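Undergrad: Test case, fold it:
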Amino acid sequence: MYDAELMAVATGAAGTLVAAIAASGAEKMRLKVAHFFRRATPAQQRAATQAVDDTAAQLTSPTPETQALAATAWAQLIAQYLAEHRDALSEVDGIGVPTPPTSKVWNQHNTGTGTFIGGDVHGGMTFNYGGAPDGGR
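TA: Sure, this is the predicted structure:
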């Protein structure tokens with residue numbers, strides 16, 4: 001059996017992870033889980049990846065019971081991993097936080113003369129899709 005502190009950490013992380021899978025989906029959380037379980041054996045890594053898919057399938061029509069069952073399963077999986085890899089304790093807080101999407105930036109610069117509605121046009125536009133504004137660059 002695991003000590004109380006380890007189970008408390010694992011239970012908290014499991015609840016957060018289940019909520020993140022429900023909100024963000026399995027695709028976004030799969031890489032986060034794989035990164036967290038990177039020190040595990042290949043069998044443990046496969047179990048964690050499969051658990052993401054299983055949790056997502058369970059949560060297609062979530063009820064408090066299915067969420068509790070999924071959180072209990074994750075708590076056991078995380079506790080076992082943390083018992084073997086205590087150095088992963090510092091990373092457990094981030095396991096349930098989905099990675100924000102990367103920003104895609106396109107720049108367009110327009111210069112020209114001729115018949116424009118307001119005269120000559122000089123300037124450009126920046127599209128920052130999927131990320132935070134870059135401070136008016």
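Undergrad: Just confirm A51 contacts L77, I think it does.
TA: Yes: the criterion here is CB atoms under 8 Å, and A51 meets it with L77 at 6.0 Å. C-betas here are computed from N, CA, C, even on glycine.
Undergrad: Let me know the helix or strand that A34 is in.
TA: helix 26-36 (DSSP states H and E).
Undergrad: Return the distance of that helix from the chain's centre.
TA: 6 Å (CA atoms, centre = their mean, to the nearest Å).
Undergrad: do stretch 60-69 as well
TA: Mean-position distance between stretch 60-69 and its chain equals 20 Å (CA atoms, centre = their mean).
Undergrad: now stretch 22-42
TA: Distance, centroid of stretch 22-42 to centroid of chain: 8 Å (CA atoms, centre = their mean).
Undergrad: Run through who's touching that stretch.
TA: For stretch 22-42, the external contacting residues (CB atoms under 8 Å, 6 or more residues apart in numbering) are 17, 20-21, 44-45, 48-49, 51-53, 55-56, 59, 62, 67, 81, 84-85, 87-88, 91-92, 94-95, 97-99.
Undergrad: State the distance from L59 to A10.
TA: 19 Å (CB to CB, to the nearest Å).
Undergrad: do the same with D53
TA: 20 Å.
Undergrad: if we can go back for a sec, so what sits against both of A51 and L77?
TA: By CB under 8 Å, 6+ apart, no residue touches both A51 and L77.
Undergrad: So for D53 and A10, which residue has more residues nearby?
TA: Higher neighbour count among D53 and A10: A10, with 24 against 12, using other CB atoms under 10 Å.
Undergrad: and the stretch of helix or strand the more buried one belongs to, how far out from the chain's middle?
TA: In the assignment (DSSP H and E), A10 maps to helix 4-24. Distance of helix 4-24 from its chain centroid, counting by CA atoms, centre = their mean, is 13 Å.
Undergrad: Kind regards, and thank you for your time.
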